[in-house]
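Asker: Build me a structure from this.
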Amino acid sequence: MGIYDAWAAELDRSFTEIGEIAADARTFDRLRLNRIADSWDNSIYSFVRAACARRPWVRTAIARDGTAYRDWRSDPAELEPLTPDLAAELDAHFDLPQAEVSELTIERSRGRLECRMSIVAERTEISYILPDIRVVCSGVETMRFDGMDRHGFEVLGEHGVSVGAAGHVVASEITFSVGHHSWRAVGNHSPEPVGRARQSRPRIRGTALEAAELLRAALLLTRGVWGLQLTHVIPVRSFGRVFSNAGTDILAAGSAVRREDAFRRLVERWRTAGGAELARWFDDPMALAFPKPEGEPAPAAELMIAGFAVHPAPSTATLVYASPGEPWTLRRVAVEDPSQFTVDRGAFDCPRADAERAGLVRLER
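Answerer: This is a model prediction of the structure:
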């Protein structure tokens, strides 16, 4: 298998995986979806351009650049493990007792719980910068967060942190980064590879360009599930189903003698497969013309994501559930400026009704 054929097969696998992750709301994984889509969206134009190249060496050269860029995008910036020495440095450089947790999410990912939080803290030395400290807690074992009690942050060793007076997170692994270049523990992301993989306006036209724009729009919208206001709305499952063979199909269309006709038939096949759910999207791929699921999460619904964000104002607390049905679907409950918002690790282990009765999750206007 040549490098371009392997690249096409990887695109097939990526869309297939997107469809599998979103097939049932109980397996929905926002973090994995974001990573898959993020690794592809800026490579799609180059992928289609390579498919349309008549000279094999040109196709191979573009594919080599494109795969290098995708590998680079798939390799996230390194985070610093929270060792005792780094905890001491954090405490020396920042006023952690007065720090504010400005954003926190806890969600299911790869069979475990992952908690991410952003912390705004004053520097102990003179500075006009308020760095954003990002903490990632993987494999959460115990956790309690109160949105009304989010001032004050303390490291409790390599596997625990406290938030406010009574909040805490204990996890199998805790890593962090500080979002300002003056802090020494900036992630060690490798430099972007040099090549032709990121051309903003590739030399493709006609229906081939339309196919590329459809795929890129689907990937950008799949990345859009990162925003909790869109997580339950974007038809990710349908994107995965419709484009599951996109790599193979584009390679075939690009190699056809009547290329324009081949791409026109391919786009029409995608449109037919999308059915009524994606009909408006095919007419305007970047429009968010998707109906919101109706109804509250069922009492038997399972909590998938809990989030709290101060910015943009007003502050918003969000709960995303997998609600029973054929198939199970996502339902969102959100309150702006909540009077109360608490979530406990145990809320992810029982149905919604039981969690609310036990006080494991509480959201009030």
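Asker: C-alpha from now on. contacts and neighbour counts both.
Answerer: Will do.
Asker: Could you list the buried residues of the lengthiest strand in the chain?
Answerer: For the chain, the strand reaching the highest residue count under DSSP state E is reported as strand 132-146. The neighbour-count check on strand 132-146 (16 or more other CA atoms under 10 Å) flags 132-141, 143-146 as buried.
Asker: Repeat that for stretch 160-176.
Answerer: 160-164, 167-171, 173-176.
Asker: need the helices for the stretch 1-150 of the chain, in chain order.
Answerer: 3-22, 30-40, 44-52, 56-74, 84-93 (DSSP state H, counting those that start in this stretch).
Asker: Select, out of the ones you listed, the one closest to E114.
Answerer: Nearest to E114 among the helices of the stretch 1-150 of the chain is helix 30-40; the distance by CA to CA comes to 9.4 Å.
Asker: P312 - how many residues pack around it?
Answerer: If you count neighbours by other CA atoms under 10 Å, P312 ends up with 7.
Asker: Likewise for the one 10 residues further on?
Answerer: Each residue near A322 was counted by other CA under 10 Å, and the total is 27.
Asker: For the helix or strand harbouring it, give the mean pLDDT please.
Answerer: Assigned by DSSP states H and E, A322 belongs to strand 316-323. On average, the pLDDT along strand 316-323 is 98.
Asker: again with stretch 151-170
Answerer: 95.
Asker: Then stretch 336-344?
Answerer: 97.
Asker: Check the gap between F47 and A208 for me.
Answerer: Applying CA to CA, to the nearest Å, the value for F47 to A208 is 11 Å.
Asker: go on, L319?
Answerer: Applying CA to CA to L319 and A208 gives a distance of 40 Å.
Asker: now the helices: where do they sit in the stretch 151-300 of the chain?
Answerer: Under the criterion DSSP H, counting those that start in this stretch, helices of the stretch 151-300 of the chain are mapped to 206-223, 236-242, 246-255, 259-283.
Asker: Dump those helices to JSON lines, plus mean pLDDT, mean neighbour count and distance to L104.
Answerer: Shown next, in JSON lines, are the helices of the stretch 151-300 of the chain (pLDDT from 0 to 100; neighbours: other CA atoms under 10 Å; distance: least, CA to CA, whole Å):
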{"stretch": "helix 206-223", "mean pLDDT": "96", "mean neighbour count": "21", "distance to L104": "19"}
{"stretch": "helix 236-242", "mean pLDDT": "97", "mean neighbour count": "22", "distance to L104": "24"}
{"stretch": "helix 246-255", "mean pLDDT": "95", "mean neighbour count": "20", "distance to L104": "36"}
{"stretch": "helix 259-283", "mean pLDDT": "96", "mean neighbour count": "16", "distance to L104": "32"}
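Asker: Minimum distance to E294: which of those has it?
Answerer: Closest approach to E294 among those (CA to CA): helix 259-283, 15.3 Å.
Asker: how much does that closest one deviate in direction from helix 44-52?
Answerer: Helix 259-283 runs at 160 degrees relative to helix 44-52, counting by axes from the mean of the first three to the mean of the last three CA atoms, to 10 degrees.
Asker: Run the angle between helix 259-283 and helix 206-223 for me.
Answerer: Orientation of helix 259-283 against helix 206-223 (the same axes, to 10 degrees) gives an angle of 40 degrees.
Asker: Give the burial count for R203, as a bare number.
Answerer: Other residues near R203 come to 14 when the count uses other CA under 10 Å.
Asker: OK, contacts around it?
Answerer: Going by CA atoms under 8 Å, 6 or more residues apart in numbering, R203 touches R49.
Asker: Following element in sequence after the strand or helix carrying A355, please.
Answerer: Per DSSP H and E, A355 falls inside helix 352-357. Per DSSP H and E, the first helix or strand lying C-terminal to helix 352-357 is strand 361-364.
Asker: List the pairing partners of that next one within its sheet, with orientation.
Answerer: Here strand 361-364 is paired, per DSSP bridges, with strand 340-344 (antiparallel).
Asker: Now the strand it pairs with: buried residues?
Answerer: In strand 340-344, counting by 16+ other CA under 10 Å, buried: F341, T342, V343, D344.
Asker: which residue sits closest to the first one, ignoring its sequence neighbours?
Answerer: By the measure of CA to CA, 6 or more residues apart in numbering, the closest residue to F341 outside its immediate chain neighbours is L363, 4.6 Å from it.
Asker: What's the local residue count around that neighbour?
Answerer: Neighbour number of L363 under other CA under 10 Å is 18.
Asker: do the same with D65
Answerer: If you count neighbours by other CA under 10 Å, D65 ends up with 18.
Asker: Same check on R357?
Answerer: A count of neighbours around R357, defined by other CA under 10 Å, yields 10.
Asker: Enumerate every residue touching it.
Answerer: Going by CA under 8 Å, 6+ apart, R357 touches no other residue.
Asker: Could you report the pLDDT at it?
Answerer: 97.
Asker: Likewise for the one 5 residues further on?
Answerer: Here the pLDDT value assigned to R362 is 97.
Asker: Same question for Q199.
Answerer: Q199 is given a pLDDT of 42.
Asker: E78 now?
Answerer: Model confidence at E78, expressed as pLDDT, equals 68.
Asker: Could you do the one 5 residues further on as well?
Answerer: According to the predicted model, the pLDDT of T83 comes to 88.
Asker: show me the contacts for it.
Answerer: Taking CA under 8 Å, 6+ apart as the criterion, T83 is in contact with G157, E158.
Asker: repeat that for 7 Å
Answerer: Residues near T83 by CA atoms under 7 Å, 6 or more residues apart in numbering: E158.
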